[in-house]
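Peer 1: turn this into a model:
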Amino acid sequence: MSGSTMVLFGLVGVLVVGALVAVGIYNRLVVLRNLFKNAFAQIAVQLQRRHDLIPNLVEATKGYLKHESVTLQNVIAARNQAVAARGAAAANPADGLAVQGLLGAEGALSGAMGRLMAVMEAYPNLKADQTIARLMEELSSTENRVAFARQAYNDAVMQYNTARETFPNILLAGALGFQAAVLFDLVNPAASEAPKVTF
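Peer 2: Below you'll find the model as predicted:
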């Protein structure tokens, strides 16, 4: 074999190895991206449950809170914004702006719910209402589920972002369209806690 043939085989070998490494990197990033998207879907399910419970709670409290209509309207408005933001983020969990919008909307909803809970404390008849007590228990349970789903999502995002940012993956990730994922950290620090309800 001539020297030029050996060099040619060497170059082809390097290209084949490079292509195999690139395919491996791409496939691993796809798997990790799909894992965090699936984890986000679990958050979306729990948020939908939360969003479905809130109108029932507002409706059940209307009779008791006739003089607090602004508070109830604020809760419904914040809920509607959160539903819209959840839809946008669920359509593409890899879109950091959509996830940030959802985080902001959820923070506003948690703030509105906190104000509703504070108002509800002033009405002893609400504490005795079985329907409201059941709804509050379901809402509290849902908040716990959201927290667990958020933790799983953040773990998946951390794995994805770490894989994306390590060498040699970082050389290909951006060019292949793998953008950094956003952690699901609530904007409102008070929103990270489930609403406290005492009956």
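Peer 1: what is the burial count for residue 114?
Peer 2: Neighbourhood size, residue 114 [other CB atoms under 10 Å]: 17. For every residue, glycine as well, the C-beta is placed using N, CA and C.
Peer 1: for the helix or strand containing it, buried residues please.
Peer 2: Assigned by DSSP states H and E, residue 114 falls within helix 96-120. Judged by neighbour count (16 or more other CB atoms under 10 Å), helix 96-120 contains these buried residues: 98-99, 101-116, 119-120.
Peer 1: show me where the protein has helices.
Peer 2: Applying DSSP state H to the chain gives helices spanning 3-61, 69-91, 96-120, 124-128, 130-165, 169-173.
Peer 1: output the lowest mean pLDDT helix or strand found in this structure.
Peer 2: Lowest on mean pLDDT, DSSP states H and E among the helices and strands of the chain sits helix 124-128, with a mean of 75.
Peer 1: tell me the buried residues in that helix?
Peer 2: Using 16+ other CB under 10 Å as the test for burial, helix 124-128 gives residue 126.
Peer 1: can you check stretch 126-139 too?
Peer 2: Those would be 126, 129, 132, 135-136, 138-139, for stretch 126-139 by 16+ other CB under 10 Å.
Peer 1: can those residues go into JSON lines with extra columns for distance to residue 23?
Peer 2: Compiled in JSON lines, those are given as follows (distance: CB to CB, whole Å):
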{"residue": "126", "distance to residue 23": "60"}
{"residue": "129", "distance to residue 23": "61"}
{"residue": "132", "distance to residue 23": "57"}
{"residue": "135", "distance to residue 23": "52"}
{"residue": "136", "distance to residue 23": "52"}
{"residue": "138", "distance to residue 23": "47"}
{"residue": "139", "distance to residue 23": "47"}
